[in-house]
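In: using only what follows, build the 3D model:
(chains A and B)
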Amino acid sequence: MSKMTRRAVLAVSLAASVGFSASAMAEDTIKVGILATLQGAFTVLGEDSMRGAKLALQEHNMMAGGKKLEIVTGSSDASPDSAVNAARKLVEQDKVDILVGPLSGDEGIAVKNYAKTQPQVTFINGTSAAQDTTLRDPAPNFFRFTTDGAQWQAGLGEYAFGTKGYKKVITIAEDYSFPYTQVFGFMLGFCKSGGHVVNKFWVPIGNKDFSSIVASIPDDIDAIYVALGGADAVNFLNQYEQAGGDKPMIGGSITVDQTVLGSKGKQQEYIIGTPSAGPIADNWDNAAWKKFVADYKAAFSDGFPSPSLFAQGYYVETLAMLTALDQVKGDLSDGQKAFRDALTNLKLDTPTGPVTLDKNRNGIAYNFLTEVAKGDDGNLYNKVVKVVENVNQTLGLPEDQFMALGPVGRDNPSCP
Amino acid sequence: MTMTTTGPAAKPALPSWMKPIRPQHVLTALFLIAYPLVASPFWTVQIGAQALFLGVIALSLMFLAGYGGMVSLSQMTVAGVAGYMVAVFGTNATHPLFNWPLWAAVPAAVVIATAFAVLVGIISVRTSGIYTIMITLAIGVAAFYFAQQNYAIFNGHSGFAGLPSPVGFGLNWRDPMPFYYMSLAVAAVSYFAVLYVSRSTFGVGLQAIRDNARRMNALGFNVNLHRVVAHGFAGLIASVGGLLYVWMNGRISPGTIEVGPVIDILVIAVIGGLRHPIGPFVGAVLFVLMENFAIDLISPERFNTLIGLIFLVIVLVSPDGLLGLWRLVSDRVRAGGMANGGAGRQWRKDWRKGQ
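Out: Take a look at the predicted model:
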């Protein structure tokens, strides 16, 4: 064998080992992609979201509509680029029929835009809660059975002003679409009641050093509205507590989630009594919710003390997919028309109350007004103050009036 | 335009530029050209085209590091500047500013990004070694935070979405095949440009400066000017790579130029090998494959560990990345396998001496 041939053989064998995988798909399996943040700042949240999806699938024995489900997992790092890359791989390479995800706000908007280029696949949101994922320029094949970040704050502004008596607050939130939406939802009720938001601080995701913000918090405010997630919230609370901060807190939906409640440290005492609102409440006295929590605990010994809203969100979305597939007996023919009709008209009973979709395929669901309390076992939990039923995306306002408020952003709304 | 041939064309023998062409070069070229005809759209774009343009961006780092001895971590930032500028000047769905047509926005983007690279060069050429790495990393991080917190131009965290794909000659150049061939053309031109420049007077001067800057200074060469020009040339390559990057995604946001992607470019160049312009492309292929498929090989919670381990092993086994590994393997094959591993070892000794 000449040198050249040997080299050529080497080159060809290397190229072949790279390989082209052509997945032969059996008629009786449905391929489902699940996309979550399994890397980056939101890894812990992404792992819990996977638990929610797994729980729903296990309860259905990995079957739906008489067909076997094949699950492919995709991972992003909360950046839109990575979410679209992962979605592209699931859709174009793994050829999934249905994609569940993503987890984070801007990811949702990017995946929605990608969904428009892939009409043959049905996209079901994960927990991404940016408003414009469905409110403006929606994709016909993108469904969201959870609610958006503004819906998650329904009732909180009124409660903070009326019951808690906070007149002047500042906000601290991460600088992207989901916290914009949360602040919007909080301020809609708070400003209408007569409250003032004197300043808004926006920090990058993954911010470690909050000292400059802690130092510039004015003295004459009544409370701090904090919409930070995961490690960011823990970091802020630690630093605020160390600097001697004593203003009470109002929490966004993921600020006083299990991630923060379950973390260790002195801020534990400080956050007791913090009002907050979101799509779940740990101790809601409801049989379906209690069963869900018990199942979650039984299935995942390494999970949180109680499922986070990410586990709940992915559970609800996966459940919606499974229920609709059962209804149409796994029929995905004709561009998944029957399946999508079933999704659109679904009246889904979830652990957090009934869910239906509006005309933009966005969820109308219960929202929970809560306050942090300490349980008998020493663990902190969110005590239910009020259940707001059937919260829609326009928060009860007529649609034209709500649209006139304009898209959410750093400066909208404003009531200094 | 008329084509003028350089050099004597009348000779019957092969022109000199064709002499180094070997069968494997022809095979590689044929494979690259035929690739999208057999590959699925996913393999054409997300693996093929992405490896090509990431390779182009890493190639600009290879040029600076391999020939100039300057490890610049801001090459992804330069690419990002080009991407941002095409979004700022051109049309986009989220934050329209100028709405220039693409034929105006693209040259503007490339010129600004190249100017930015020259600026980075001017700032960093007076440093060397670890300090160059630090100062260029600092520039990259500063650019990331600036883009993230500037709303007037860069539109903050959301950045720009809905960038139009380039259209022309009746084609949408973001469709899988045209996009692949556009990336391949850019990669080929960049590759041969780097090869050509490395053998030009300027390139040889640059390599001499890498080896002994003081002597070159004493001989009357303008050391800093050579280095700044190298940054400009590398910046031009990186900025074209950056254009392909944003066209593939149709969007750009600070996440595109944060520390992760900045380091990715270094990883690609190093695992590929810094000794030859083909290295970054080899590295990019492995990198893109790992990014996409590691999650299928191992549990979703652990795939980043696998990626890290593989890159670590490559760098540990072969100080010159995959190119070095290739050399080791092919030396053994040539030597008949059993008889010796000496050729590879000898080559590694040479390489160490070369440093």
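In: would the helix or strand that contains A:Ala324 count as contacting chain B?
Out: Assigned by DSSP states H and E, A:Ala324 belongs to helix A:309-327. No. Judged by Cβ under 8 Å from any Cβ of the partner chain, helix A:309-327 stays clear of chain B, getting no closer than 13.5 Å. Quick note: C-beta positions are derived from backbone N, CA and C, even for glycine.
In: can you give the distance of that helix from its chain's centre?
Out: Relative to the chain's own centre, helix A:309-327 is displaced by 13 Å; criterion: Cα atoms, centre = their mean, to the nearest Å.
In: beta partners of the residue lying closest to A:Leu325 once chain neighbours are set aside?
Out: The shortest distance from A:Leu325 to any non-neighbouring residue, by Cβ to Cβ, 6 or more residues apart in numbering or on different chains, is to A:Ala64 (3.7 Å). Going by DSSP bridges, A:Ala64 is paired in beta bridges with A:Lys67.
In: point to the helix or strand of the chain where mean pLDDT is at its lowest.
Out: In the absence of a named chain, this looks at chain A. helix A:3-18 (a mean of 50; mean pLDDT, DSSP states H and E).
In: what is the subsequent helix or strand relative to that one?
Out: strand A:29-36.
In: how about whatever residue of the stretch 51-200 of chain B ends up closest to chain A: what's its closest non-neighbour residue?
Out: Chain A sits closest to B:His157 of the stretch 51-200 of chain B, with a gap of 4.4 Å, by Cβ to the nearest Cβ. Leaving out its chain neighbours, the residue that sits closest to B:His157 by Cβ to Cβ, 6+ apart is A:Tyr176, at 4.4 Å.
In: residues touching A:Lys247, list them.
Out: For A:Lys247, the contacting residues are A:217, A:221-224, by Cβ atoms under 8 Å, 6 or more residues apart in numbering or on different chains.
In: in a strand, that's where it is, yeah?
Out: No. Counting by DSSP: H, G, I helix; E, B strand; the rest coil, A:Lys247 falls outside a strand, being coil.
In: how close does it sit to A:Ile170?
Out: 9 Å (Cβ to Cβ, to the nearest Å).
In: ditto for A:Ile280
Out: 26 Å.
In: more crowded one of those two?
Out: The neighbour comparison of A:Ile280 against A:Ile170 (other Cβ atoms under 10 Å in any protein chain shown) goes to A:Ile280, with 29 against 21.
In: could you point out where the stretch 1-150 of chain B is predicted with low confidence?
Out: For the stretch 1-150 of chain B, the stretches with pLDDT under 70 are B:1-18.
In: for the residue of the stretch 151-300 of chain A found nearest chain B, which residues are in contact?
Out: In the stretch 151-300 of chain A, the residue that lies nearest chain B is A:Tyr176 (4.4 Å; Cβ to the nearest Cβ). With contact set as Cβ under 8 Å, 6+ apart, A:Tyr176 has these partners: A:105-106, A:205, B:157-158.
In: with B:Ala213 instead?
Out: Contacts of B:Ala213 by Cβ under 8 Å, 6+ apart are B:128, B:223.
In: show the pLDDT at it.
Out: B:Ala213 is assigned 91 on the pLDDT scale.
In: tell me which parts of the stretch 101-250 of chain A are close to chain B?
Out: Counting by Cβ under 8 Å from any Cβ, the residues of the stretch 101-250 of chain A that sit close to chain B are A:106, A:109-110, A:113, A:175-177, A:204-205.
In: that older thread, switch the contacts of A:Lys247 over to a markdown table; also include neighbour count.
Out: Output for the contacts of A:Lys247, formatted as a markdown table (neighbours: other Cβ atoms under 10 Å in any protein chain shown):
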| residue | neighbour count |
| --- | --- |
| A:Ile217 | 17 |
| A:Ile221 | 19 |
| A:Asp222 | 18 |
| A:Ala223 | 20 |
| A:Ile224 | 21 |
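In: among these, list the two that are farthest apart in space.
Out: Farthest-apart pair in those is A:Ile217 and A:Asp222; separation 11.9 Å (Cβ to Cβ).
In: measure how buried the closest residue to A:Ala215 other than its chain neighbours is and give me the count.
Out: Nearest residue to A:Ala215, sequence neighbours excluded (Cβ to Cβ, 6+ apart): A:Ala243, at 7.5 Å. When neighbours are counted by other Cβ under 10 Å, A:Ala243 registers 13.
In: now swap in A:Gly378 and tell me
Out: 7.
In: repeat for B:Gly283
Out: 31.
In: one step back: tell me the SS of the residue of the stretch 51-200 of chain B closest to chain A?
Out: Once three-state DSSP is applied, B:His157 turns out helix.
In: same question, A:Pro138
Out: Strictly by three-state DSSP, A:Pro138 counts as coil.
In: who touches stretch A:109-118?
Out: Outside stretch A:109-118, the residues within contact range by Cβ under 8 Å, 6+ apart are A:35, A:80-81, A:83-84, A:87-88, A:91-92, A:99, A:101-102, A:121, A:123, A:128, A:130, A:132-134, A:138-139, A:141-142, A:177, B:161-162, B:250-251.
In: can you say which of those are buried?
Out: Among the contacts of stretch A:109-118, those classed as buried by neighbour count (16 or more other Cβ atoms under 10 Å in any protein chain shown) are A:35, A:80-81, A:83-84, A:87-88, A:91-92, A:99, A:101-102, A:121, A:123, A:128, A:130, A:132-134, A:138-139, A:141-142, A:177, B:161, B:250-251.
In: those residues in helices, which ones?
Out: A:80-81, A:83-84, A:87-88, A:177 (DSSP state H).
In: contact partners of stretch A:161-173?
Out: Contacts of stretch A:161-173 (Cβ under 8 Å, 6+ apart): A:160, A:179-180, A:182-183, A:186-187, A:189-190, A:193-203, A:210, A:213, A:217-218, A:220-228, A:236, A:248, A:250, A:252, A:275.
In: what residues of that stretch count as buried?
Out: In stretch A:161-173, the ones that count as buried by 16+ other Cβ under 10 Å are A:161, A:164, A:166, A:169-173.
In: distance between the ends of it?
Out: 19 Å (Cα to Cα, to the nearest Å).
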